[in-house]
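Q: could you look at this predicted model? Sequence included:
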Amino acid sequence: MIGRHDESAVLKSTVSDNKSHFVAVYGRRRIGKTFLIKEAYGNRFTFQHAGLADGTRDEQLFAFEDSLRDSGCDVPTHLKSWMEAFDMLKKTIINSTEKKKVVFIDELSWMDTPKSRLIVALEHFWNGWASFRDDVILIVCASATSWMLSNVIHNKGGLYNRLTEQIHLEAFSLTECEEFVKTEGIVFSRDQILKYYMIFGGVPYYWTFIKKGQSLTQNIDRILFAENAPLKDEFKYLYASIFRNPTVHLKLISALGKKRAGMTREELIKASGLTNSGDISVKLDELESCGFIRKYSAYGMKSKNAVYQLIDSFTLFYYRFMEENPTDEHFWTNMINMPAVNAWTGLAFERVCLLHIAKLKQKLGISGVLTDVNSWYCREDRDAGVFGSQIDLLIVRKDQVINLCEMKYSSIEYHVTANDDKSIKRKIHDLITVTKTRYAIHPILITCNGVVDSSYSDTFQVVITLDDLF
């Protein structure tokens, strides 16, 4: 298994003691939750069940009943409620001869249909029975991260503080994707791994479609643009599988997908054509918790001016190249070096850098230093002597240094120009003028292959390369 060593160790540790465990595993669709759980427990479960997408309450109960029978439970009549269903699960556990009874319920959120009282029954099962035993391992899992957070992890009712372990499964890093590629015998350079990552992010499932012997562009055309491309309709199902009614979520995402620098809440509402309400904040929180967007307060500004920015690589790629449903089976091959692709490449590279902050700090030698990670912007104000600046990444350090990071994709050594030097000096000027900071500001360049030695190459105090991101 690639990566997931700490998460796997947590799951395996639940088998070796003399107490019951209630474990929640959550993360976005295709991230590998089910695979992790099955690998950790050797696919040996006292009871295993997965909720039905779009199933009614009766259909969910019928499927649960079927899973009970598969586990050897004699269900005398059709289940009429979740209370009855979990009562039959107790009997399945009691009849098991396993030392530890591992109960795995996947896609729990799908089972929670309107007025189903599922959570009440789950509370009763755990609080009133399983938690008093020393041999039950209850694992619940769902792709609907926001649902898991509000209903299980941050539950304010009967499940409050009842979890013994929780695992938020995150995307693979570039390092883990490289390990996967090598394990599969696929010959990709680090630059090719980066380019695939800029499209698909670190979602393990998406990496399983790479075919040996094909170039990067051939793989992308086959996976996304061919007539029967396996991920051609992935976007359609991605948000629908996580949110019950994703209409508002998609309007927000669509607006962000067309904006490079991100937007405030007010700007986002206007751009998406939505009506201002508290529900907008809820939807934005849900998108953030699922890892599709990030929310940041610009350095030195109040939180009410927070900016939202699309961070999911696949969503960004979809809105740039797939939304219009291109019919050319060799679309990506024919797009190489086109202006639209070059513009997207720069933006996508920035997103990858933002997902690898720990690697950047490691290269800077500040892994142990307390930091705040921000972006920053200011509008032009000639009266105040401010030019107007957008800084995508500031690492504000407690040792009174600010790393001002510029991210520039280049397939060869980057040539720092007079314009780059001028731009950096203006940004530093604006940052000091507006924020009144007394911290030392260190310009940092993040690029793939280092820089050409030139009269402006010392503009940046540190140059971070693609190898450093790995």
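A: Thanks, I have it.
Q: and the longest helix seen in the chain, what's buried?
A: In the chain, ranked by residue count with DSSP state H as the criterion, the top helix is helix 418-435. Using 16 or more other C-beta atoms under 10 Å as the burial criterion, the residues of helix 418-435 that qualify are Asp420, Asp421, Ile424, Lys427, Ile428, Asp430, Leu431, Thr433, Val434, Thr435. Placement of C-beta: from N, CA and C, glycine included.
Q: next: stretch 24-39.
A: Buried residues in stretch 24-39 (16+ other C-beta under 10 Å): 24-34, 36-37.
Q: starting at the chain centroid, how far to that stretch?
A: Stretch 24-39 has its C-alpha centroid displaced from the chain centroid by 13 Å (C-alpha atoms, centre = their mean, to the nearest Å).
Q: first-to-last residue distance for it?
A: Between the start and the finish of stretch 24-39 there is a gap of 16 Å, counting by C-alpha to C-alpha, to the nearest Å.
Q: SS state for the residue in the chain sticking out farthest from the centre?
A: The outermost residue of the chain, judged against the average C-alpha position, is Pro76 (43.2 Å), by C-alpha atoms, centre = their mean. Secondary structure state of Pro76, per DSSP: H, G, I helix; E, B strand; the rest coil, is coil.
Q: where does pLDDT dip in the stretch 101-250 of the chain?
A: With pLDDT under 70 as the threshold, the stretch 101-250 of the chain has no low-confidence stretch at all.
Q: how does it look with 90?
A: Residues of the stretch 101-250 of the chain meeting the criterion pLDDT under 90: 143-146, 150, 237, 240-245.
Q: can you check the stretch 301-450 of the chain too?
A: 301-307, 337, 373-379, 392.
Q: which non-adjacent residue is nearest the most centrally placed residue in the chain?
A: For the chain, Gly291 is the residue whose C-alpha lies nearest the centre (C-alpha atoms, centre = their mean; 3.6 Å). Closest residue to Gly291 in three dimensions, ignoring its sequence neighbours and counting by C-beta to C-beta, 6 or more residues apart in numbering: Arg28, at 5.7 Å.
Q: ramachandran coordinates for the one you found?
A: phi -70, psi 170 (degrees, to the nearest 10).
Q: who's in contact with it?
A: Each residue near Arg28 by C-beta atoms under 8 Å, 6 or more residues apart in numbering is listed here: Ser143, Thr145, Ala171, Val203, Ile242, Cys290, Gly291, Phe292.
Q: same check, this time on Arg438
A: Arg438 neighbours (C-beta under 8 Å, 6+ apart): Gln400.
Q: that one sits in which helix or strand?
A: Arg438 is located outside every helix and strand, with elements delineated by DSSP states H and E.
Q: how much space separates it from Glu266?
A: Counting by C-beta to C-beta, to the nearest Å, the separation of Arg438 from Glu266 is 32 Å.
Q: what does Ile336 give?
A: Plainly put, Ile336 is 39 Å away from Glu266 if you go by C-beta to C-beta.
Q: now the two most distant members of the contacts of Arg28.
A: Using C-beta to C-beta, the pair of the contacts of Arg28 lying farthest apart is Ala171 and Ile242, separated by 14.6 Å.
Q: quick one: the helices in the stretch 101-250 of the chain?
A: Along the stretch 101-250 of the chain, the segments classed as helices by DSSP state H, counting those that start in this stretch run 108-111, 118-128, 145-148, 174-183, 190-200, 204-207, 216-220, 234-242, 247-257.
Q: give me the residues contacting the second one.
A: The contact list for helix 118-128, computed with C-beta under 8 Å, 6+ apart, reads 22, 81-83, 85-86, 89-90, 108, 111-112, 138, 140, 151, 155, 157-159, 162.
Q: now that helix: buried residues?
A: Judged by neighbour count using 16+ other C-beta under 10 Å, the buried positions of helix 118-128 are Leu118, Ile119, Val120, Ala121, Leu122, Glu123, His124, Phe125, Trp126.
Q: the fifth one now?
A: Buried residues in helix 190-200, defined by neighbour count with 16+ other C-beta under 10 Å: Arg190, Gln192, Ile193, Leu194, Lys195, Tyr196, Tyr197, Met198, Ile199, Phe200.
Q: tell me who's in contact with the third one.
A: When contacts are counted by C-beta under 8 Å, 6+ apart, Ile193 touches Leu174, Cys177, Glu178, Val181.
Q: same question, the last one
A: When the contact criterion is C-beta under 8 Å, 6+ apart, the partners of Phe200 are Tyr206, Trp207, Ser313, Phe314, Phe317.
Q: please name the nearest non-neighbouring residue to the last one.
A: In space, and not counting its chain neighbours, Phe317 is closest to Ile199: 4.9 Å by C-beta to C-beta, 6+ apart.
Q: surely the one you found and Asp221 touch.
A: No. Counting by C-beta atoms under 8 Å, Asp221 is not a contact partner of Ile199; they are 11.7 Å apart.
Q: can you give me the strands in the protein?
A: Counting by DSSP state E, the chain has these strands, from start to end: 21-26, 47-50, 101-106, 136-142, 165-168, 263-264, 293-296, 307-310, 371-378, 389-397, 401-408, 440-447, 462-464.
Q: and the fifth one, which residues are buried?
A: Taking 16+ other C-beta under 10 Å as the neighbour-count basis, strand 165-168 is seen to contain the buried residues Glu165, Ile167, His168.
Q: any idea how far the last one is from Cys290?
A: Right, His168. For His168, the distance to Cys290 under the criterion C-beta to C-beta works out to 11 Å.
Q: then the first one?
A: Counting by C-beta to C-beta, the gap between Glu165 and Cys290 amounts to 21 Å.
Q: show me what contacts Asp191?
A: Under the contact definition (C-beta under 8 Å, 6+ apart), the residues listed for Asp191 are Ser411, Cys448, Leu466.
Q: what's the closest of those residues to Cys378?
A: For the contacts of Asp191, the residue nearest Cys378 by C-beta to C-beta is Cys448; the value is 28.9 Å.
Q: need the pLDDT of Ala261.
A: pLDDT, Ala261: 77.
Q: now it: phi and psi?
A: With angles defined as degrees, to the nearest 10, Ala261 sits at phi -90, psi -10.
Q: surely it and Gly388 touch.
A: No. Using C-beta under 8 Å, Ala261 is not in contact with Gly388, being 11.8 Å away.
Q: the residue nearest to Thr333 when sequence neighbours are not counted: how many residues sit nearby?
A: Distances taken as C-beta to C-beta, 6+ apart put Thr217 closest to Thr333, at 4.6 Å, once the chain neighbours are dropped. By other C-beta atoms under 10 Å, the residues close to Thr217 number 17.
Q: mind listing what Thr217 touches?
A: Listed by C-beta under 8 Å, 6+ apart, the contact set of Thr217 reads Trp332, Thr333, Ile336.
Q: just those: which are in helices?
A: Cross-referencing the contacts of Thr217 against helices under DSSP H gives Trp332, Thr333.
Q: filter the contacts of Thr217 to the buried ones?
A: The neighbour-count criterion (16+ other C-beta under 10 Å) marks Trp332 among the contacts of Thr217 as buried.
Q: I'd like the contacts of Thr217 as JSON lines, with distance to Ser13 appended.
A: Output for those, formatted as JSON lines (distance: C-beta to C-beta, whole Å):
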{"residue": "Trp332", "distance to Ser13": "44"}
{"residue": "Thr333", "distance to Ser13": "48"}
{"residue": "Ile336", "distance to Ser13": "48"}
